[in-house]
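Colleague: Here's a sequence, model it:
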Amino acid sequence: MKLYNFSLAPNGQRVQAFLNEKKITLETRQINVRDGEQFKEPFKSMNPFNCIPFLELDDGTIISESISICRYLEEEHFPNPSLFGNNPQNKAYIDMWNRRLELDCLTPLGFALRNKVSMFADRVLAGTRNDIKQSPDVVERGMQMTNLLFERINPCLEKNEFICGDNFSVADITGHSIFLYCERFKFEIPTKFENVLKWKSKLYERECFKYE
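Modeller: As a prediction, this is how the structure comes out:
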């Protein structure tokens, strides 16, 4: 089994944090996406969506998408500890929160970054090189959705240590990525979201997010 990754990519860091938390060691090949290495063979044929990271299994099967990779590794190394839940209710609850964070904030922030930073001028959509134009409206919408998400989750975090309760989960890894995006945008989280800021501080102290 081999992981193809780019350590500076947000989704690559999500998988690495998952590996760190589960204490899983994988053979890893770094792909320089800034130089477009993912569009060259054999990587282009292995993963036609041209996104990082992706996992090659021993039988040649390719699994891409960071959460799909993590879900596979969860099943292979269960529980040790469980990051996706250990019963039907808990699994559904963690999945619900992870989807909320991804759909309502992480994905919009990703599009916002690609529509703002000049190095993404020809790659507004991940895994592409094309002439789709950057749009300031997408950037503004991403920031608006981030504020809305923080407003929604702040009350939920009042009694919770983590986003799903007392136990750290894959949804917290998604939350950490959101905070990293906020840093890249120099977006200061309003102090009125006190519980969100406490959650952020707790995540930043966690060993799994201390990448090499």
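Colleague: Now do the helices in this protein.
Modeller: Assigned helices in the chain, in chain order: 10-22, 43-46, 66-76, 88-101, 107-116, 136-153, 170-184, 194-204 (criterion: DSSP state H).
Colleague: of all those helices, which lies closest to L55?
Modeller: Distances from L55 to each of the helices of the chain were compared using CB to CB; the minimum, 4.8 Å, belongs to helix 66-76. For glycine as for every other residue, the C-beta is placed from the backbone atoms N, C-alpha and C.
Colleague: quick one: buried residues of that closest one?
Modeller: S66, I67, I69, C70, R71, L73, E74 (16 or more other CB atoms under 10 Å).
Colleague: Equivalent analysis for stretch 35-42, please.
Modeller: Q38.
Colleague: Now do the residue located most distally from the centre of the chain against K159, distance only.
Modeller: In the chain, D59 marks the outermost C-alpha relative to the chain mean, sitting 26.4 Å out by CA atoms, centre = their mean. Counting by CB to CB, to the nearest Å, the separation of D59 from K159 is 45 Å.
Colleague: One more: D172?
Modeller: 16 Å.
Colleague: With neighbour numbers in mind, choose between these two.
Modeller: Comparing D172 with K159 by neighbour count (other CB atoms under 10 Å), the higher total belongs to D172, at 27 against 9.
Colleague: Not counting sequence-adjacent ones, nearest residue to that one?
Modeller: Excluding the flanking residues, the one nearest D172 by CB to CB, 6 or more residues apart in numbering is F162, at 5.1 Å.
Colleague: which stretches of the chain have low pLDDT?
Modeller: When residues are selected by pLDDT under 70, those of the chain lie in 212.
Colleague: Could you break it into its assigned domains?
Modeller: 2-76, 88-209 (automatic domain parsing).
Colleague: Mind putting those into CSV with distance to S82?
Modeller: What follows is these, written out as CSV (distance: least, CB to CB, whole Å):
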stretch, distance to S82
domain 2-76, 7
domain 88-209, 8
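Colleague: From L157, how far out is C70?
Modeller: 22 Å.
Colleague: If we ignore the residues flanking it in sequence, what's nearest E194?
Modeller: N154 (7.3 Å).
Colleague: Surely that neighbour and W199 touch.
Modeller: No. Counting by CB atoms under 8 Å, N154 sits too far from W199 to count as a contact (9.2 Å).
Colleague: quick one, which of the two is more surrounded?
Modeller: Set side by side, N154 and W199 show more neighbours around W199, with 23 against 19, by other CB under 10 Å.
Colleague: For burial, what's the neighbour tally of the closest residue to F39 other than its chain neighbours?
Modeller: Among residues not flanking F39 along the chain, N50 sits closest, at 5.8 Å (CB to CB, 6+ apart). By other CB under 10 Å, 20 other residues sit near N50.
Colleague: Need phi/psi at N50.
Modeller: The phi and psi values for N50, taken as degrees, to the nearest 10, are phi 60, psi 30.
Colleague: and it, what is it in contact with?
Modeller: By CB atoms under 8 Å, 6 or more residues apart in numbering, the contact list for N50 reads Q38, F39, F43, K44, G127, T128.
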